[in-house]
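Q: sequence and predicted structure below; questions after.
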2 protein chains.
Amino acid sequence: MITIYGMVESGNCYKPRLLMAKLGRSFRHIEVSSTDGGTRAQAFVAKNPNAMVPLLEYEDGRLLAESNAMLLHLAEGTRLIPKDSYERALAYQWLFFEQYSHEPYIAVRRALLTFPNRKNDATPERLASTLERGNKALGVMEKRLSASDFFAGKTMSVADIALYAYTHMAHEGGFDLSGHPSVLAWLRRVESDPGHVPIGWLPKA
Amino acid sequence: MITIYGMVESGNCYKPRLLMAKLGRSFRHIEVSSTDGGTRAQAFVAKNPNAMVPLLEYEDGRLLAESNAMLLHLAEGTRLIPKDSYERALAYQWLFFEQYSHEPYIAVRRALLTFPNRKNDATPERLASTLERGNKALGVMEKRLSASDFFAGKTMSVADIALYAYTHMAHEGGFDLSGHPSVLAWLRRVESDPGHVPIGWLPKA
């Protein structure tokens, strides 16, 4: 059985859990947190030298890091990877957008405001710059979603799972989505897609 | 014919050019720079609301942003996308590593030190944090490359193209690679792979 090491409250760690739930695949969750030093512990760094969760481990010991790489890998051959070559390219585009232009601001600002171990990093300058860049990302999303039901095209894909993870908690980072009606409508579409589970969901032990 | 909008000196823009050269595919280069406001010009933002290069445009007007998405899309069906499912997953992993844990430090520190329009951002704190995080990324790469010729496995893949782009210029950002012999040997392996072109290469008009 697959093991996924991760933090229950992390959006990046939620992504592969949400995908596995949607696909009806069983897996084991092992809690490893960046807030208590778990991701920096020697035994964990031996598995992931980049010292981050989530981390996926197969029964034979093969390992895979990077939440969005897990999405592309685990969803291969399912409805969540677009069949059309260009729509698949757009799914890739939005996965990289999420990690480069969205998560470093929207997820990080939430961490600065809500994780006790990040309190010292929450300087006024850092809070201002993450707010500005996060709002820019939300604007880019609003533009896309005003023209398309989902990021890669007419149907749900792994790109929507990746962008849902932190967007649905953006208010915890002090982001106001009320000016982004297409983003709000898309959040509800993603939640209506079969097999949806909330961030707190974990597989039965 | 495909058009790629980009900056000649940007590592992110070099990635799709290097891939197209390796694949022997013709394309048109149009110079658009972030250093002179080109990426923020209205006509460009209409094409890419995220206001970044590179941007790929097909003859029929379809657009694709994100350098690593271009690599995955343009290399589909070629030797540069691993055939094995797990090696393909590792290629994905290292592409996301590049954009999240490598480029924001190694590429950004080079820009802070060499691009005149970034001079005001080059504070001592910023230079120190990008040095620390960039060196961490180089350490993660060294560990992988001490055990494997290429990032996804025994053969060259798009992950190597992505990580080569800024690693081969890391010295311009003040990074010293002499402590990373496996990274240095890998740079030479990538350069020996058929069809390699240097960053300054552009297709004939």
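A: All right, it came through fine.
Q: give me the domain ranges for chain A.
A: What automatic domain parsing lists as the domains of chain A is A:2-74, A:85-192.
Q: need these in JSON lines (columns: mean pLDDT).
A: Putting the domains of chain A into JSON lines (pLDDT from 0 to 100) gives the following:
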{"stretch": "domain A:2-74", "mean pLDDT": "97"}
{"stretch": "domain A:85-192", "mean pLDDT": "97"}
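Q: closest to B:Arg110 out of those?
A: Taking C-beta to C-beta, domain A:85-192 is the member of the domains of chain A nearest to B:Arg110, at 16.6 Å. C-beta here means a position set from N, CA and C on the backbone, and glycine is covered the same way.
Q: the closest one: end-to-end distance?
A: Between the start and the finish of domain A:85-192 there is a gap of 26 Å, counting by C-alpha to C-alpha, to the nearest Å.
Q: hmm, it in reach of chain B?
A: Yes. Using C-beta under 8 Å from any C-beta of the partner chain, domain A:85-192 reaches chain B at A:85-86, A:88-90, A:92-93, A:95-97, A:99-101, A:103-104, A:139-140, A:143-144.
Q: can you flag the buried ones in those residues?
A: Burial by neighbour count, 16 or more other C-beta atoms under 10 Å in any protein chain shown: within the residues of domain A:85-192 next to chain B this picks out A:88-90, A:92-93, A:95-97, A:99-101, A:103-104, A:140, A:144.
Q: how about the residues you listed, which pair is most distant?
A: Taking C-beta to C-beta as the measure, these span a maximum distance of 24.7 Å, between A:Arg88 and A:Pro104.
Q: helices along chain A, start to end?
A: A:11-23, A:42-47, A:67-74, A:85-97, A:108-114, A:124-145, A:158-167, A:181-192 (DSSP state H).
Q: related to what we said a few turns ago, what's the closest of the buried ones among the residues of domain A:85-192 next to chain B to A:Asn12?
A: Proximity of those to A:Asn12 (C-beta to C-beta) peaks at A:Glu103, which lies at 7.2 Å.
Q: grab the nearest non-local neighbour of the closest one.
A: With C-beta to C-beta, 6 or more residues apart in numbering or on different chains as the measure, A:Tyr166 is the residue that lies nearest to A:Glu103, at 6.0 Å, once sequence neighbours are left out.
Q: correct me, but that neighbour touches A:Cys13?
A: No. Here A:Tyr166 lies out of contact with A:Cys13, judged by C-beta atoms under 8 Å, at a distance of 11.3 Å.
Q: relative to chain B, how far out is A:Thr35?
A: Counting by C-beta to the nearest C-beta, to the nearest Å, the gap between A:Thr35 and chain B amounts to 19 Å.
Q: tell me the phi and psi of that residue?
A: The phi and psi values for A:Thr35, taken as degrees, to the nearest 10, are phi -90, psi -20.
Q: before we move on, back to that, how about the domains of chain A, which one is nearest B:Ala51?
A: With C-beta to C-beta as the yardstick, what comes closest out of the domains of chain A is domain A:85-192 (8.5 Å).
Q: name the residues of stretch A:164-172 that are buried.
A: Neighbour counts over stretch A:164-172 (16+ other C-beta under 10 Å) mark A:Tyr164, A:Ala165, A:Tyr166, A:Thr167, A:His168, A:Met169, A:Ala170, A:Glu172 as buried.
Q: kindly report the same for stretch A:181-192.
A: In stretch A:181-192, counting by 16+ other C-beta under 10 Å, buried: A:Ser182, A:Val183, A:Trp186, A:Leu187, A:Val190.
Q: which member of the residues you listed is positioned nearest A:Gly77?
A: Nearest to A:Gly77 among the buried residues of stretch A:181-192, counting by C-beta to C-beta, is A:Val190 at 21.0 Å.
Q: the closest one against A:Leu184, yeah?
A: No. Here A:Val190 does not reach A:Leu184: they are 11.1 Å apart, not a contact under C-beta under 8 Å.
Q: circling back: turn the helices of chain A into CSV, columns for distance to A:Tyr58.
A: Output for the helices of chain A, formatted as CSV (distance: least, C-beta to C-beta, whole Å):
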stretch, distance to A:Tyr58
helix A:11-23, 13
helix A:42-47, 12
helix A:67-74, 11
helix A:85-97, 22
helix A:108-114, 29
helix A:124-145, 33
helix A:158-167, 20
helix A:181-192, 28
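Q: to B:Ser178, which of these lies closest?
A: With distances scored as C-beta to C-beta, the stretch of these nearest to B:Ser178 is helix A:42-47 (23.9 Å).
Q: do the closest one and chain B meet at all?
A: No. Between helix A:42-47 and chain B, judged by C-beta under 8 Å from any C-beta, nothing touches; the nearest distance is 10.0 Å.
Q: which helices and strands sit right next to that helix?
A: Helix A:42-47 makes packing contacts with strand A:55-57 when contacts are defined by 3 or more C-beta pairs under 8 Å, 6 or more residues apart in numbering or on different chains; DSSP states H and E.
Q: for the strand it packs on, name the packing helices and strands.
A: Under the contact rule (3+ C-beta pairs under 8 Å, 6+ apart), strand A:55-57 is packed against strand A:2-6, helix A:42-47, strand A:63-65.
Q: number of nearby residues for A:Ala41?
A: By the other C-beta atoms under 10 Å in any protein chain shown criterion, the neighbourhood of A:Ala41 contains 12 residues.
Q: distance check, A:Met1 against A:Asn68.
A: Noted for A:Met1: a distance of 22 Å to A:Asn68, by C-beta to C-beta, to the nearest Å.
Q: which of these two has more residues huddled nearby?
A: A:Asn68 (28 against 10).
Q: just checking, that one touches B:Gln93?
A: No. Between A:Asn68 and B:Gln93 no contact is recorded; they are 9.1 Å apart, counting by C-beta under 8 Å.
Q: ok, and the closest non-adjacent residue to A:Ala122?
A: Taking C-beta to C-beta, 6+ apart as the measure, A:Ala122 lies nearest to A:Leu112, with 4.1 Å between them; neighbours along the chain are not counted.
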